[in-house]
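J.: Sequence first, then the predicted structure:
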Amino acid sequence: MSLFWRIFLLNAAVLFAATALLLLGPVTVSAPVLLTEALIMALGLVAMLVANAALLRIGLAPLQRLTRAMTTTDLLRPGRRPAVSGHGEIAGLIRTFNTMLDRLEAERAASSGLALSAQEAERRRVAQELHDEIGQTLTAVLLELKRVADRAPAPLRDELRHVQETTRGSLDEIRRIARRLRPGVLEELGLISALKALTSEITTHSGLSVRSGFDSALPRLGEDVELVLYRVAQEGLTNVVRHADARHVDLTLRRTAGVVELRLRDDGHGIGTAAEGAGIRGMRERALLIGAELSVGRGGGRSGAPGGGTDVRLRVPIGEDADDSRNAEGRGNAGGSGDSGDSGSGGDSGISRRSSTSDEIKGSD
């Protein structure tokens, strides 16, 4: 039955009931109308309106639930659907809305995947250009400075040595930027080593105390899953450094029942009521690509933490038949080079790997 006929029949039922009461009841209307008769008619009219409103509210309740679902739907938090209730056009409308959400979520996931793939390709290209262009140019400058410093008089030699150190510092900074753009250690040594290298780099350059804990027997994960886990950890640590005003952060990667969970907790001032920024939305989009669930909330909080800190969890579902062998097996023992001070040494095939010429320059000073 269509919505029009449902509303029409509800109103008709109320009018028929009122007419029957008027015809069969003892109420009469005289001319002119008496005060008591007017009061009775007014009470009857109010009763009709109340009954009509109650019946319409019951009949249109599914539309109200659909309206609330429309206002609260977020494509970055998929899976929420209003229950199909009601009859006829109302039930069809809810089913159509759910079908539309399915299509929109699929299209958004596809477009986000293409955008993030293009972003990763662009990061790789920029990192390669930093290595091939700026990195090689600065290496040539270091060679020339060394040659000039060896021939320069003593007073000028000290100044040239200072210029050398400044240039070498710029070269190291370029290497660090390139490692963040393209995590070569992830490709060569695996996820655990990449996360250790990341925490070591964050600790070195920010002074933040990072405590990490990684399961030694993770299931085999695909390249896309590993990249998402790494990028979420990277973005989370970057947010802590920039916004949280925290002193300590815990980074863990554990396997629990049916999922691999990446968890990041800090003792900063927390997110409070602030709206989610581009960083968190980017993490949610990455999670959607691998069917993972990302939650961002208040952490357990350490003593003295004014806002209770922030707790970021990424839960990646895994199959029941997942291989329990270590994720880094076959690509090197996880944790080897990741604990060193230079977080990218031996990991990035691009700019993070120093040329023999640069090492010769540094060793000769």
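T.: Arrived safely.
J.: Can you report how many residues lie near A53?
T.: Using other Cβ atoms under 10 Å, A53 has 11 other residues around it. Backbone N, C-alpha and C define where each C-beta goes, glycine included.
J.: For V14, see how far away it is.
T.: In this view, A53 and V14 are 10 Å apart by Cβ to Cβ, to the nearest Å.
J.: now G44
T.: Distance, G44 to V14, by Cβ to Cβ: 11 Å.
J.: contacting residues for the residue nearest to I271 when sequence neighbours are not counted?
T.: In this structure, I271 finds its nearest non-sequential neighbour in T310, 5.6 Å apart by Cβ to Cβ, 6 or more residues apart in numbering. Applying Cβ atoms under 8 Å, 6 or more residues apart in numbering to T310 gives the contacts 239-240, 244, 264-266, 268, 270-271, 296-299.
J.: Show me which of those are buried.
T.: Neighbour counting with 16 or more other Cβ atoms under 10 Å marks N239, V240, A244, L264, R265, D266, G268, G270, I271, V296, G299 as buried within the contacts of T310.
J.: partners of the helix or strand harbouring the fourth one, with directions?
T.: This means L264. Using DSSP states H and E, the element containing L264 is strand 259-266. Looking at strand 259-266 with DSSP bridges, its partner strands are strand 248-256 (antiparallel), strand 310-317 (antiparallel).
J.: Give me the buried positions along the first one.
T.: Buried residues in strand 248-256, counting neighbours by 16+ other Cβ under 10 Å, are found at H248, V249, D250, L251, T252, L253, R255.
J.: Tell me, how many residues neighbour the nearest residue to the first one once chain neighbours are set aside?
T.: Using Cβ to Cβ, 6+ apart and skipping the chain neighbours, the partner closest in space to H248 is S209 (4.7 Å). Burial measure for S209: 13 neighbouring residues, criterion other Cβ under 10 Å.
J.: Now do the SS call for D74.
T.: coil (DSSP: H, G, I helix; E, B strand; the rest coil).
J.: and E293, what is it in contact with?
T.: Shown in contact with E293 (Cβ under 8 Å, 6+ apart): A287, R313, L314, R315.
J.: Looking at the residues you listed, which one is closest to L63?
T.: Of all these, L63 sits closest to A287, with 32.3 Å by Cβ to Cβ.
J.: Report pLDDT for that closest one.
T.: pLDDT for A287: 86.
J.: and it, what does it touch?
T.: V228, V232, E293, L294, L314.
J.: Can you lay out the residues you listed as CSV showing pLDDT, secondary structure and distance to L138?
T.: Putting the contacts of A287 into CSV (pLDDT from 0 to 100; DSSP: H, G, I helix; E, B strand; the rest coil; distance: Cβ to Cβ, whole Å) gives the following:
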residue, pLDDT, secondary structure, distance to L138
V228, 89, helix, 33
V232, 92, helix, 32
E293, 87, strand, 44
L294, 89, strand, 39
L314, 92, strand, 37
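J.: Show the secondary-structure elements that the helix or strand containing L9 is packed against.
T.: Assigned by DSSP H and E, L9 falls within helix 3-24. Under the contact criterion of 3 or more Cβ pairs under 8 Å, 6 or more residues apart in numbering; DSSP states H and E, helix 3-24 touches helix 35-72.
J.: May I see the buried residues of the helix it packs on?
T.: M48, N52, L55, G59, L60, P62, R65, L66, A69.
J.: Stretch 146-155 now?
T.: Buried positions in stretch 146-155, judged by neighbour count with 16+ other Cβ under 10 Å: K146, A149.
J.: ends of that stretch, how far apart?
T.: Terminal residues of stretch 146-155 lie 15 Å apart, using Cα to Cα, to the nearest Å.
J.: residues touching L145, list them.
T.: Here L145 is in contact with L160, V163, Q164, T167 (criterion: Cβ under 8 Å, 6+ apart).
J.: what helix or strand does it sit in?
T.: helix 136-151.
J.: Can you name the next helix or strand after that helix?
T.: Proceeding N to C from helix 136-151, the next assigned helix or strand is helix 154-181, under DSSP H and E.
J.: buried ones in that next one?
T.: Neighbour count says helix 154-181 has L160, Q164, T167, R168, L171, I174, R175, R176, A178, R179, L181 buried, by 16+ other Cβ under 10 Å.
J.: picking that back up, pull the residues that contact the strand holding L264.
T.: Here strand 259-266 has contacts from 218-219, 221, 229, 232-233, 236-237, 240, 244, 246, 248-255, 299-300, 309-318, using Cβ under 8 Å, 6+ apart.
J.: Put the alpha carbons of the helix or strand that it is followed by into PDB.
T.: Beyond strand 259-266 on the C-terminal side, the first helix or strand identified by DSSP H and E is helix 278-289. C-alpha atoms of helix 278-289 as PDB (Å, rounded to 0.1, in the frame of the first residue of the first chain):
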ATOM      1  CA  ALA A 278      42.900  15.700   7.700                       C
ATOM      2  CA  GLY A 279      45.300  13.400   9.300                       C
ATOM      3  CA  ILE A 280      42.700  11.200  11.100                       C
ATOM      4  CA  ARG A 281      40.400  11.300   8.100                       C
ATOM      5  CA  GLY A 282      43.300  10.100   6.000                       C
ATOM      6  CA  MET A 283      43.900   7.200   8.400                       C
ATOM      7  CA  ARG A 284      40.200   6.300   8.200                       C
ATOM      8  CA  GLU A 285      40.400   6.200   4.400                       C
ATOM      9  CA  ARG A 286      43.400   4.000   4.500                       C
ATOM     10  CA  ALA A 287      41.700   1.600   6.900                       C
ATOM     11  CA  LEU A 288      38.700   1.300   4.600                       C
ATOM     12  CA  LEU A 289      41.000   0.100   1.800                       C
END
